[in-house]
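> Have a look at this prediction, sequence included:
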Amino acid sequence: MLVAVENRGQRAGYIAMQKVSAVTKKSVAKFVQHPLPPGQPVRNDALASLVEIGKTQHHTARVTPPDKAGEWLPWVHIAIGNLKAFLLGTYHGVSSKYLQEYFNEFCYRFN
(Lines give C-alpha, C1' and ligand atoms only; values in the text may rest on other atoms or scores of the structure.)
Protein backbone atom coordinates (compact mmCIF):
# COMPACT_ATOMS: atom_id res chain seq x y z
CA MET A 1 0.00 0.00 0.00
CA LEU A 2 1.21 3.50 -0.86
CA VAL A 3 -0.11 6.42 1.19
CA ALA A 4 0.26 10.18 0.68
CA VAL A 5 -1.04 12.70 3.21
CA GLU A 6 -0.78 16.45 2.86
CA ASN A 7 0.70 18.04 5.99
CA ARG A 8 -1.06 21.26 6.96
CA GLY A 9 0.76 21.82 10.23
CA GLN A 10 -1.55 20.77 13.04
CA ARG A 11 -3.91 18.90 10.73
CA ALA A 12 -3.89 16.63 7.73
CA GLY A 13 -4.96 17.80 4.29
CA TYR A 14 -5.59 15.77 1.14
CA ILE A 15 -5.06 12.01 1.40
CA ALA A 16 -4.46 9.34 -1.28
CA MET A 17 -3.97 5.58 -0.98
CA GLN A 18 -3.08 2.99 -3.59
CA LYS A 19 -3.08 -0.79 -3.39
CA VAL A 20 0.10 -2.22 -4.94
CA SER A 21 1.35 -5.77 -5.16
CA ALA A 22 4.87 -4.55 -4.36
CA VAL A 23 6.46 -1.18 -3.62
CA THR A 24 8.66 -0.83 -6.69
CA LYS A 25 10.07 2.17 -8.54
CA LYS A 26 7.44 1.65 -11.25
CA SER A 27 4.49 1.54 -8.83
CA VAL A 28 5.79 4.58 -6.93
CA ALA A 29 6.27 6.58 -10.17
CA LYS A 30 2.72 5.78 -11.24
CA PHE A 31 1.31 6.70 -7.81
CA VAL A 32 2.96 10.13 -7.49
CA GLN A 33 1.74 11.22 -10.94
CA HIS A 34 -1.88 11.37 -9.80
CA PRO A 35 -2.15 12.88 -6.30
CA LEU A 36 0.96 15.08 -6.18
CA PRO A 37 1.59 18.22 -8.23
CA PRO A 38 5.17 18.52 -9.57
CA GLY A 39 7.62 20.08 -7.13
CA GLN A 40 5.55 19.21 -4.06
CA PRO A 41 7.69 18.71 -0.91
CA VAL A 42 7.62 15.01 0.00
CA ARG A 43 9.03 13.22 3.06
CA ASN A 44 9.35 9.47 3.36
CA ASP A 45 11.10 6.73 5.30
CA ALA A 46 13.97 6.21 2.79
CA LEU A 47 12.79 2.92 1.30
CA ALA A 48 15.03 2.35 -1.74
CA SER A 49 12.19 2.22 -4.29
CA LEU A 50 10.92 5.62 -3.10
CA VAL A 51 13.89 7.46 -4.64
CA GLU A 52 11.72 7.59 -7.77
CA ILE A 53 9.76 10.40 -6.08
CA GLY A 54 12.80 12.69 -6.37
CA LYS A 55 12.43 12.83 -10.16
CA THR A 56 9.29 14.97 -9.96
CA GLN A 57 9.05 16.17 -6.34
CA HIS A 58 11.17 18.00 -3.78
CA HIS A 59 12.11 14.78 -1.97
CA THR A 60 13.51 14.34 1.55
CA ALA A 61 14.13 10.81 2.79
CA ARG A 62 15.16 9.81 6.28
CA VAL A 63 15.87 6.39 7.73
CA THR A 64 13.59 6.46 10.74
CA PRO A 65 13.53 4.05 13.68
CA PRO A 66 10.01 2.73 14.40
CA ASP A 67 9.72 4.68 17.66
CA LYS A 68 10.41 7.98 15.81
CA ALA A 69 8.21 7.34 12.76
CA GLY A 70 5.32 9.29 14.27
CA GLU A 71 7.50 12.40 14.43
CA TRP A 72 8.73 12.20 10.82
CA LEU A 73 5.49 10.98 9.15
CA PRO A 74 2.76 11.67 11.72
CA TRP A 75 -0.24 11.98 9.42
CA VAL A 76 0.61 8.85 7.43
CA HIS A 77 0.54 6.70 10.56
CA ILE A 78 -2.65 8.37 11.82
CA ALA A 79 -4.32 7.88 8.41
CA ILE A 80 -3.40 4.18 8.33
CA GLY A 81 -4.72 3.73 11.88
CA ASN A 82 -7.96 5.51 10.94
CA LEU A 83 -8.26 3.33 7.82
CA LYS A 84 -7.98 0.18 9.94
CA ALA A 85 -10.64 1.45 12.36
CA PHE A 86 -12.89 2.41 9.42
CA LEU A 87 -12.59 -1.01 7.78
CA LEU A 88 -13.11 -2.99 10.97
CA GLY A 89 -15.89 -0.77 12.27
CA THR A 90 -17.81 -0.42 9.02
CA TYR A 91 -17.25 -3.72 7.24
CA HIS A 92 -15.94 -6.07 9.97
CA GLY A 93 -13.53 -7.50 7.41
CA VAL A 94 -12.70 -6.86 3.77
CA SER A 95 -11.81 -8.76 0.64
CA SER A 96 -8.46 -8.11 -1.01
CA LYS A 97 -10.27 -8.27 -4.35
CA TYR A 98 -11.97 -4.93 -3.60
CA LEU A 99 -9.30 -3.38 -1.38
CA GLN A 100 -8.71 -0.39 -3.69
CA GLU A 101 -12.43 0.42 -3.60
CA TYR A 102 -12.31 0.45 0.22
CA PHE A 103 -9.27 2.78 0.04
CA ASN A 104 -11.14 5.03 -2.40
CA GLU A 105 -14.16 5.27 -0.12
CA PHE A 106 -12.02 6.08 2.91
CA CYS A 107 -10.10 8.77 0.99
CA TYR A 108 -13.33 10.24 -0.41
CA ARG A 109 -14.84 10.52 3.08
CA PHE A 110 -11.62 11.96 4.49
CA ASN A 111 -11.09 14.50 1.73
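Thanks, I have the structure now. Residues are numbered from 1 along each chain as shown.
> pLDDT score assigned to the residue of the chain most remote from its centre?
Note on the chain: the largest separation between a C-alpha and the mean C-alpha position, by Cα atoms, centre = their mean, falls on His92 (22.5 Å). You'll see His92 listed with a pLDDT of 80.
> i'd like the first residue to be 52 from this point on
Right, with 52 as the first residue, what we last looked at is His143.
> May I see the buried residues of the lowest-mean-pLDDT helix or strand in the chain?
Among the secondary structure pieces of the chain, namely its helices and strands, helix 120-123 has the lowest mean (mean pLDDT, DSSP states H and E), a mean of 76. By 16 or more other Cβ atoms under 10 Å, the buried positions in helix 120-123 come out as Trp123. Quick note: C-beta positions are derived from backbone N, CA and C, even for glycine.
> Report all helices and strands that the helix or strand Gln151 falls within contacts.
Here Gln151 sits within helix 150-161, counting by DSSP states H and E. Of the remaining helices and strands, those touching helix 150-161 by 3 or more Cβ pairs under 8 Å, 6 or more residues apart in numbering; DSSP states H and E are strand 62-69, helix 125-141.
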